[in-house]
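kindly generate the corresponding structure for this input.
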Amino acid sequence: MQGGSSGIVYGGLNYQARCIADVRADAGSTTFLAGTLSLKEENEVHLIRLSPAESELVCEGLFYHPNEIWDLKSCPFDHRVFSTVYTSGEGYGATVWKIPELYGQSNSPQLEQLFTLDGHAGKIRCVLWWPVGKHDKLISIDDRSIFLWNIDASTKSAKVISQGSADMLPNLRGGAWDPHNHNSIAAISDSSLHLWDLRAMQKSVAIEHAHIRDVDYNPKKQNIIATAEDEFGLRLWDLRMLKHPLKDLPGHSHWTWSVRHNPEYDELILSSGTDSTVNLWLAEVGNENSGPESPSGSPKRQEEPLLHSYTDYEDSIYGIAWSSHDPSLFASLSYDGRVVLESVKPYLQRK
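Sure thing, here's the model as predicted:
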């Protein structure tokens, strides 16, 4: 099923952009952070909130950021804290910021810099926060290494605990932190995916010969991940059996760039790519550690996993994010700076 957008559009981003993140720690409203990627102008971070009437997306704060933003993550336990990865001279930097309390005023004050993640020799790709509850650790990944940090926002400090080298792996791209095990992450390179044990900083099982651009853990079922791949679209995997994928979901005509599991309905998955499309999937996988029932409330298998394709875009879509406050909502960010909030309620089957 294909169609245009019936969603709510936010028109406040004036520059190109590729990063959007759900503000998980804001329990009272649907809120996102979006960061711009302008070569010529001073960049911006927008705090975007759904209005109480759920009729418009409102800018709750606009903050200047000195560099192009290539990665943006919101702290899962403090709604005023977030991280960015950005260009810095001829290299890349990573900083954790805090939004000032008076962000509702018309002229928003400057962001407070809590600390920078110094020590990277390679090109920093991303910062990872453990997605479940408060945690005093942070991960940063560059193209050759993985850093585990101990962080303390009260003293504005970050110290490297351990570091792992990718050795002969070509070009680390990013990764995801296992919500079921804070000692494990999945890291992707140009041609493979490896699981890393953070206690020993060693990599183990792998998916080889795969051009993976993104990875996401199922938040409700252990050992299940989704990968976004150039050749195959989406693939679902059981980490205990990586010889073959559990399911292939080919649905993009060009590179599949992002994948996100729904935080509540574990079988709902979003994907986006450079074909200017967002796909909504209902992908059932069996697992003895299953969480709550699927949105359908029934064990009956869905024959057609692609529920809907959102095609009312004019540029590549690098950013997608579910709302933790209302898991039936998601935001997408196309490269031209257009943010759209959509509801998937029409596609949730009922008992």
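
gap between the residue nearest to Met201 when sequence neighbours are not counted and Asp197?
Among residues not flanking Met201 along the chain, Gly164 sits closest, at 3.6 Å (C-beta to C-beta, 6 or more residues apart in numbering). In this view, the C-beta of every residue, glycine as well, is placed from N, C-alpha and C. For Gly164, the distance to Asp197 equals 9 Å [C-beta to C-beta, to the nearest Å].

kindly report the same for Leu47.
Leu47 is 36 Å from Asp197, by C-beta to C-beta.

more neighbours: which of these two?
Leu47 (24 against 14; other C-beta atoms under 10 Å).

got phi/psi on that one?
phi -100, psi 110 (degrees, to the nearest 10).

quick one: residues contacting it.
Val23, Thr31, Phe32, Leu33, Cys59, Glu60, Gly61, Leu62, Phe63, Ile99, Tyr103 (C-beta atoms under 8 Å, 6 or more residues apart in numbering).

so what pLDDT did it get?
As predicted, Leu47 sits at a pLDDT of 95.

now swap in Glu231 and tell me
72.

show me the contacts for it.
His211.

now do the SS call for it.
coil (DSSP: H, G, I helix; E, B strand; the rest coil).

check the gap between it and His135 for me.
35 Å.

what does Ile20 give?
Taken as C-beta to C-beta, the span from Ile20 to His135 is 22 Å.

between the two, tell me which one has more neighbours.
Ile20 (25 against 15).

which helices and strands sit right next to whichever strand or helix holds the more buried one?
Secondary-structure assignment from DSSP states H and E places Ile20 in strand 17-22. Applying 3 or more C-beta pairs under 8 Å, 6 or more residues apart in numbering; DSSP states H and E, we find strand 17-22 packed against strand 31-36, strand 69-74, strand 317-322, strand 329-334.

which one of these lies nearest to Ser154?
Within those, the stretch nearest Ser154 is strand 69-74; the backing value is 18.8 Å (C-beta to C-beta).

parallel or antiparallel, which strands does that closest one pair with?
As defined by DSSP bridges, the strand partners of strand 69-74 come to strand 81-88 (antiparallel).

which residues touch the partner strand?
By C-beta under 8 Å, 6+ apart, strand 81-88 touches 19, 21, 33, 35, 43, 45, 65-75, 92-99, 114, 124-127, 129, 138, 140, 153.

residues near Val278, how many?
Residues near Val278, counting by other C-beta under 10 Å: 25.

Glu101 too?
By the criterion of other C-beta under 10 Å, Glu101 has 9 neighbours.

how about the contacts made by it?
Arg80.

what are the ranges of the helices in the stretch 251-351 of the chain?
With DSSP state H, counting those that start in this stretch, there are no helices along the stretch 251-351 of the chain.

for Pro131, see how far away Ala25 is.
Distance from Ala25 to Pro131, by C-beta to C-beta: 11 Å.

what sits in contact with each of those two?
Counting by C-beta under 8 Å, 6+ apart, the residues touching both Ala25 and Pro131 are Pro76.

how far away from the center of its chain is stretch 79-89?
On the basis of C-alpha atoms, centre = their mean, to the nearest Å, stretch 79-89 is displaced by 14 Å from the centre of the chain it belongs to.

my error: substitute stretch 249-262 in the last question.
With C-alpha atoms, centre = their mean, you get 13 Å for stretch 249-262.

what of stretch 19-38?
On C-alpha atoms, centre = their mean, the centre of stretch 19-38 falls 11 Å from the chain's centre.

tell me the buried residues in it?
Using 16 or more other C-beta atoms under 10 Å as the test for burial, stretch 19-38 gives 19-26, 29-38.

end to end on that stretch, go ahead and measure it.
From its first residue to its last, stretch 19-38 covers 12 Å (C-alpha to C-alpha, to the nearest Å).

now swap in stretch 10-30 and tell me
Stretch 10-30 stretches 14 Å from its first residue to its last (C-alpha to C-alpha).

state the mean pLDDT of that stretch.
Here the average pLDDT along stretch 10-30 is 94.

in this protein, where is pLDDT below threshold?
1-5, 102-108, 169-170, 286-303, 350-351 (pLDDT under 70).

what's the neighbour count on Lys98?
The burial count for Lys98: 16, using other C-beta under 10 Å.

ok, now Ala94?
28.

the nearest residue to it once chain neighbours are set aside and Leu239: what is the separation?
Once flanking residues are discounted, Ala94 sits nearest to Leu117: 4.1 Å by C-beta to C-beta, 6+ apart. Distance of Leu117 to Leu239, given as C-beta to C-beta: 28 Å.

which of those two has more residues huddled nearby?
Counted by other C-beta under 10 Å, Leu117 and Leu239 do not tie: Leu117 has more neighbours, with 22 against 18.

list the contacts of the closest residue in space to Ile99 that isn't next to it in sequence.
Nearest residue to Ile99, sequence neighbours excluded (C-beta to C-beta, 6+ apart): Arg80, at 4.3 Å. Residues in contact with Arg80, defined by C-beta under 8 Å, 6+ apart, are Lys98, Ile99, Glu101.

which residues does the first one bridge with?
Judged by DSSP bridges, the bridge partners of Lys98 are Val81, Glu112.
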